[in-house]
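Participant: Sequence and predicted structure, then a few things I'm wondering about:
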Amino acid sequence: MEQVGSAKEFPSQNIISRRPVGIAMSSLVSPGTPSYPPSTYPPSIHPASPEQDNVSQSHGGHTITLLRTPERLGPYSQPYSLEDGGNAAIQPGNQLSAELTERHVNMMAFSQCVGIGLFLQAGRVIYLAGPGLGAIAYIVTGTVLWSCAACLGEMTALFPVKGPIIEFPRRFLDESLGYTAGWMTWFSWIVLVAAELVAITHIFQFRYPQELLQAARYPDPTLEFYPSASPAVYVLCFFLIMLTFNMLPVRWFGRLEYIFGTIKMLFIITLILFNVIIHIQQPVKRGAFWTYNEPYSFAARNMTLPNKNVVQGDAGRLLGVWEAMTTCLFGMIGFETIAITAAENKDLRTEETVKIGTRKISLRIITLYTLATFTVGLNVPYTYPTIVDNAVISFGFGQNSAFVASPVINRLRVWPYIVNDFIIFSATTAGANGLYNASRTLHALASIHEVWPNWGPVQALRRRLERTNYGVPHAAVVLSACFGLMGFLACNPDSQKILGRMVRCCVVSMMITYGLVAASFIEFYKSVEGAAAGQTMEVVDIYNPLVRQLYDRSNPRYPYRSHGQCLRAYYAVLACSLFVIFNGWRTFISPVNIKDFFGCYIAVGCLLPS
């Protein structure tokens, strides 16, 4: 995209405010209009000081009068340079180094999404909804997260601020909601890191039930990979691997994640083709679409409640699909990585990184997840014992993966081990990426004084977390990683339930954050549309065509927009609210499990004081 009069920095304080002052567009102007000098920012509405009633600014020969705002808003995080070529890395400071490229960002987001969610929970989705409705559940869930990602993407394309998940709710909704979104995002990422570590220990405890091997007439009498080392050993080793990756300069981290993401994409495509081929060849003759026919079905026929009661018919199918959609969420978390990397993306001003990245990650994840679930559902019936899971919250082992069951049912050697080992690789890279997101979120929080208690030791910690070495916030990485040591909960005999609760807590926290982002976009949209139509009295010079064009979403130079985005934002707010409210509906059914209840709703309790 051609840049006209691009500014050296994006001023993060120049941003739309719900009040409704604070509108500021990027350096995009219509063809034929004067360019702004590189040393100045584009015309915008700035909060005036309390001593001023009006402020006049001159830009490119045009004088724009700015009205005084009704109130002073708090300071933003410090702006960062988008064109310094990585100069922030020369010496310690508080600047992140802009060294990631468009391809790095795309694959980082993809690699983050593809962790343990698809491989370990696709079987649970098939059990809850059936093979056909399970694939549809991924599509519907994907549309919700796609809508949220598009909301965040459009705002970030205009204002690539540090910590966008914090800044946008803070300015468009309420400061306290912005701070809450920031802390909940950081919390969800550190929990995800711990969850990936616990999951890795589960994958090392691979032991397929012998009775199922005998029933399938599998060539080998046993199928297991069960080292004798303590789970704590694996947690420590893989924790250090994740930490080491994040201590690297960001350009090397981006290169590694590009390789990892490519490997993951190729492996998922291989799994899709593998399941299609064995369904066509059928080493064990059963007929086409045999998992959809009697005695099985396209959709699950009932839903088993915690008290062992079974809900039959349409009500049972509806409950099963809802629970399946809730299960799908964890495997799709990570779309916002595109926005989190904005401060370190050197192509942001020369490439349509946010626009292309948001669309790519959404289409890739939804398409690959849906096809993977559909194809494995052709070979694994929804009643297969290893994927049956009636627990309210749980997370299985490698033998509970539908992608392991598929080759076993078809009597194929080696493939179960390949899938199991790849899940370990996938969990490790997703955990490293989760630690990256956690550290960048914490670094953004550290740049906001008001988020932290005004106490000397805490403020000293905040200043340390804000600093970077060679463009990497090492202190934020280390502190975030320390909370990842919750992965030692894998040593608990009930680690399967603990992992499930950690995952659910992470999902609910992110759903709250996504809902706040979508709600922020609604206010953002109203402000932009009002300014473009000249319907706001906050801009004295609003009748100047140059000013109105800056806010025109139909302008070809507007960096990113999607069709029906405002409606999609309302859809995202509604869907996220429903997911948060009803994610733990089964915890209210006797016998009530208090631990499961807190796993589902503790994040809601953190939101209420805001």
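Facilitator: Right, received. Where do you want to start?

Participant: I figured Trp186 was touching Ser480, is that so?
Facilitator: Yes. Contact criterion CB atoms under 8 Å: Trp186 and Ser480 qualify, at 7.2 Å. No exception for glycine: its C-beta is placed from N, CA and C like everyone else's.

Participant: Mutual contacts of these two, please.
Facilitator: Residues touching both Trp186 and Ser480 (CB atoms under 8 Å, 6 or more residues apart in numbering) are Ala438, Leu442.

Participant: Can you report phi and psi for the spatially most central residue of the chain?
Facilitator: For the chain, the residue nearest the mean C-alpha position is Gly334 (2.2 Å; CA atoms, centre = their mean). With angles defined as degrees, to the nearest 10, Gly334 sits at phi 140, psi 0.

Participant: Check what pLDDT the closest residue to it other than its chain neighbours gets.
Facilitator: In this structure, Gly334 finds its nearest non-sequential neighbour in Gln112, 3.5 Å apart by CB to CB, 6 or more residues apart in numbering. With respect to pLDDT, Gln112 scores 90.

Participant: how about the strands in the chain?
Facilitator: Secondary structure of the chain (DSSP state E): strands located at 54-59, 62-67, 206-207, 224-225, 302-304, 310-312.

Participant: what's the fourth one packed up against?
Facilitator: Strand 224-225 sits against strand 206-207, with contacts defined as 3 or more CB pairs under 8 Å, 6 or more residues apart in numbering; DSSP states H and E.

Participant: List the strands paired with the strand it packs on, with their directions.
Facilitator: Strand 206-207 has these partner strands in its sheet, going by DSSP bridges: strand 224-225 (antiparallel).

Participant: For the partner strand, give the mean pLDDT please.
Facilitator: For strand 224-225, the mean per-residue pLDDT is 86.

Participant: quick one: contacts of that strand?
Facilitator: By CB under 8 Å, 6+ apart, the residues outside strand 224-225 that reach it are Phe204, Phe206, Arg207, Tyr208, Gly398, Tyr417, Asn420.

Participant: what about the stretch 201-350 of the chain, any weak spots by pLDDT?
Facilitator: 349-350 (pLDDT under 70).

Participant: so how far is Ile263 from the residue nearest to Ser590 when sequence neighbours are not counted?
Facilitator: Leaving aside its chain neighbours, Ser590 sits nearest to Asn307 (5.6 Å; criterion: CB to CB, 6+ apart). As judged by CB to CB, to the nearest Å, Asn307 and Ile263 stand 44 Å apart.

Participant: These two: who's more crowded?
Facilitator: Neighbour count, other CB atoms under 10 Å: between Asn307 and Ile263, Ile263 has more, with 17 against 9.

Participant: tell me the contacts of that one?
Facilitator: Contact analysis of Ile263 by CB under 8 Å, 6+ apart lists Phe425.

Participant: switch to 10 Å and redo it
Facilitator: For Ile263, the contacting residues are Met107, Ser111, Val114, Phe422, Phe425, Ser426, Thr429, by CB atoms under 10 Å, 6 or more residues apart in numbering.

Participant: Equivalent analysis for Asp314, please.
Facilitator: By CB under 10 Å, 6+ apart, the contact set of Asp314 is Ala299.

Participant: Repeat that for Ile272.
Facilitator: Ile272 sits next to Thr367, Leu368, Thr370, Leu371, Ala372, Thr373, Phe374, Thr375, Val376 when contact means CB under 10 Å, 6+ apart.

Participant: what about the fourth one, how many neighbours?
Facilitator: Right, Leu371. When neighbours are counted by other CB under 10 Å, Leu371 registers 19.

Participant: how close does Arg217 sit to Trp290?
Facilitator: Noted for Arg217: a distance of 17 Å to Trp290, by CB to CB.

Participant: which of the two has more neighbours?
Facilitator: A count of neighbours by other CB under 10 Å puts Trp290 above the other of Arg217 and Trp290, at 16 against 8.

Participant: need the contact list for that one.
Facilitator: By CB under 10 Å, 6+ apart, the residues touching Trp290 are His279, Gln282, Val284, Tyr296, Leu378, Asn379, Pro381.
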